[in-house]
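Enquirer: Here's my sequence, what's the structure:
(one chain, ligands or ions: 2)
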Amino acid sequence: MPGGDKGEQEGQGLSFFQQQQLVDMAKKAFQQFVGLLKSATLYPPAHPFLLGSAEQLLLCLEQLFTKRNEASFHFVDGELFFETFSVSMEEHLARTAEDVTKKGIGGITFQQGLKRDELVTFAYLMKRDPDTVSAQGGMETLLHQGGVRNIAVHAILLRGAGREEQQQEKKPLEIYHDGVEAVKEVVHAAVAGKALNARRLQSISHTMVDNILDNRDALVGLTSIKSYDEYTFVHSVNVAILAMALGAFLSLKRSQIAALGIAGMLHDIGKVSIPREIINKPETLTDQEWNIVKYHPVEGALILSGLLGVGRLAMVSAFEHHQQFDGKGYPRSGDEDSPLHPFSKIVAIADTYDAITSARVYYRIETPPGEAVKLLLHRRGFHFDPVLVKTFVNMVGLFPLGTLLRLSTGEIGLVIHQTRDLLRPRVLLLRDYDGTEKEEVSLLEMESGRYKRMAVSTVDPREIPIDVNQYFQ
Ligand SMILES: [Fe+2]
Ligand SMILES: [Fe+2]
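Expert: Ligands and ions are numbered 1, 2, ... in the order given. Have a look, this model is predicted:
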């Protein structure tokens with residue numbers, strides 16, 4: 001993960017809103033940086049427009065310097081980070097970020113004491129073509145020669161870098177299975193009326209945070225695992241992963257993301273009180289049976305009421321996850337104006353998304369991920385917080401991981417990564433459908449000014465002899 005420990009330390013103690021403020025400031029600074037680079041291509045060094053641009057950027061950075069000694073930006077796999085916080089980018093910002101990385105620059109740090117003229121010199125150096133820059137000794141040397149002391153550039157950080165080492169520790173699938181086992185353990189303890197020990201869940205959720213921050217797609221891809229037999233456990237782990245991924249996407253603190261994981265794993269713990277015949281009943285439930293099902297949030301909160309620390313947040317979201325954004329869900333709070341805890345709203349979105357993409361007894365058919373996204377969008381403002389739904393859709397994309405796409409070339413692609421364009425993910429080209437395919441392509445790839453491949457339609461996984469899970473394991 002890019003960013004120094006310092007950011008993480010200073011991130012501690014910041015409220016959610018303070019963090020969002022910081023990320024907003026960082027985004028403004030990056031926008032100004034893009035503006036300055038553009039000015040440098042249009043105007044000569046002493047032109048008032050150019051100096052004005054540099055002045056604006058300096059003001060934004062100085063605002064950041066009131067909170068930090070330095071402001072560090074990193075570009076990783078098409079994403080922009082301010083320290084460890086992900087910063088959303090519009091198309092034109094993403095394009096600049098891409099141009100910067102093409103010059104071999106993976107990050108830029110601006111230090112306190114920075115002068116306007118250093119920014120101007122840097123902007124002009126950025127105009128030079130990469131080959132010339134490397135022939136002249138590289139950007140760092142040129143900055144030094146140009147008298148720039150308060151700007152440093154960093155090499156490109158690859159997400160894959162260091163992963164091998166980590167894989168030896170634990171693979172995403174192992175982490176996933178650990179999660180399922182831990183949920184099972186807690187559920188069995190709850191059924192037996194024993195005291196719950198959240199410690200194991202805590203350590204697993206921390207491992208999951210590391211994994212998600214390192215490579216969100218690997219663990220999120222595993223949420224396409226849907227199991228009939230172990231539905232409750234697998235569903236709980238999927239909800240945890242999706243909620244954590246959304247938390248990471250919102251630049252929440254590491255500890256908050258871990259707490260979201262625990263909340264996700266425990267959100268349906270109250271279902272232990274529902275008789276199996278009702279849970280597994282394929283026919284429509286009677287009113288009486290529905291009332292029993294609707295009691296699970298209350299039961300969950302009661303079971304979790306003994307937990308301390310982060311367990312408190314799990315208790316709140318277990319209680320609130322079906323209350324809905326408009327307060328018309330269950331259990332009725334009696335006070336429809338009292339807002340739900342943000343964790344409950346996040347868990348509710350992850351819960352519905354996983355439930356509708358699962359082949360389960362209630363629905364009988366598996367809904368493709370793209371349809372689930374549409375349903376969330378449809379219910380935003382009623383069932384779900386509209387801003388969080390929008391963020392969730394930005395995260396999973398309009399074609400979420402695991403979606404099968406028919407391409408303009410006639411090929412079939414499996415979505416394996418999102419890109420900055422929601423309609424143009426990275427896909428694995430499928431030929432044999434046996435999990436051995438290796439050729440990955442980005443639908444952003446261009447050839448003579450046109451997209452090489454486009455998504456024409458989605459493909460129902462039942463039309464093809466394919467087990468999508470094997471591609472994510
Ligand atoms: Fe539930
Ligand atoms: Fe659920």
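
Enquirer: In contact with V183, which residues?
Expert: L201, T232, F233, S236, V237, M265, L266 (C-beta atoms under 8 Å, 6 or more residues apart in numbering). All C-beta atoms are positioned from the backbone trio N, CA, C, and that covers glycine.

Enquirer: Which helix or strand contains it?
Expert: helix 172-191 (DSSP states H and E).

Enquirer: can you tell me if that helix touches ligand 2.
Expert: No - counting by C-beta under 5 Å from the ion, ligand 2 has no neighbours in helix 172-191; the shortest distance is 11.7 Å.

Enquirer: Buried residues, that helix. List them.
Expert: Burial within helix 172-191, assessed by neighbour count using 16 or more other C-beta atoms under 10 Å, is assigned to 172-173, 175-176, 178-180, 182-183, 186-187, 189-190.

Enquirer: Tell me where the chain is predicted with low confidence.
Expert: Within the chain, the ranges that satisfy pLDDT under 70 run 1-17, 77-78, 157-169, 226-229, 308-310, 334-337, 359-368, 462, 473.

Enquirer: Please parse it into its domains.
Expert: Taking automatic domain parsing as the domain assignment, the ranges for the chain are 5-154, 169-396, 404-472.

Enquirer: Return the most buried member of those.
Expert: domain 169-396 (a mean of 19; mean count of other C-beta atoms under 10 Å).

Enquirer: Now find how far off-centre that one is within its chain.
Expert: Centroid separation for domain 169-396 versus its chain: 16 Å, with C-alpha atoms, centre = their mean, to the nearest Å.

Enquirer: Show me the contacts of V183 that map onto strands.
Expert: Using DSSP state E, no member of the contacts of V183 sits in strands.

Enquirer: and the two most separated of these?
Expert: Using C-beta to C-beta, the pair of the contacts of V183 lying farthest apart is L201 and T232, separated by 15.0 Å.

Enquirer: about what we covered before: with only the CA atoms kept, save the helix holding V183 in PDB.
Expert: Output of helix 172-191 as PDB, limited to C-alpha atoms (Å, rounded to 0.1, in the frame of the first residue of the first chain):
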ATOM      1  CA  PRO A 172      -7.200 -14.900  -0.300                       C
ATOM      2  CA  LEU A 173      -9.000 -18.200  -0.500                       C
ATOM      3  CA  GLU A 174      -7.500 -19.400   2.800                       C
ATOM      4  CA  ILE A 175      -8.500 -16.100   4.400                       C
ATOM      5  CA  TYR A 176     -12.000 -16.500   3.000                       C
ATOM      6  CA  HIS A 177     -12.300 -20.100   4.400                       C
ATOM      7  CA  ASP A 178     -10.900 -18.900   7.800                       C
ATOM      8  CA  GLY A 179     -13.700 -16.300   7.800                       C
ATOM      9  CA  VAL A 180     -16.300 -19.000   7.100                       C
ATOM     10  CA  GLU A 181     -14.900 -21.200   9.900                       C
ATOM     11  CA  ALA A 182     -14.900 -18.300  12.400                       C
ATOM     12  CA  VAL A 183     -18.500 -17.400  11.600                       C
ATOM     13  CA  LYS A 184     -19.500 -21.000  12.100                       C
ATOM     14  CA  GLU A 185     -17.700 -21.100  15.400                       C
ATOM     15  CA  VAL A 186     -19.500 -18.000  16.600                       C
ATOM     16  CA  VAL A 187     -22.900 -19.300  15.300                       C
ATOM     17  CA  HIS A 188     -22.400 -22.600  17.100                       C
ATOM     18  CA  ALA A 189     -21.500 -20.800  20.300                       C
ATOM     19  CA  ALA A 190     -24.600 -18.600  20.000                       C
ATOM     20  CA  VAL A 191     -26.800 -21.700  19.400                       C
END
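
Enquirer: Which residues of this structure lie near ligand 2?
Expert: Residues of the chain lying near ligand 2 (C-beta under 5 Å from the ion): D268, D351.

Enquirer: quick one: which helix or strand includes A355?
Expert: Applying DSSP H and E as the criterion places A355 in helix 342-357.
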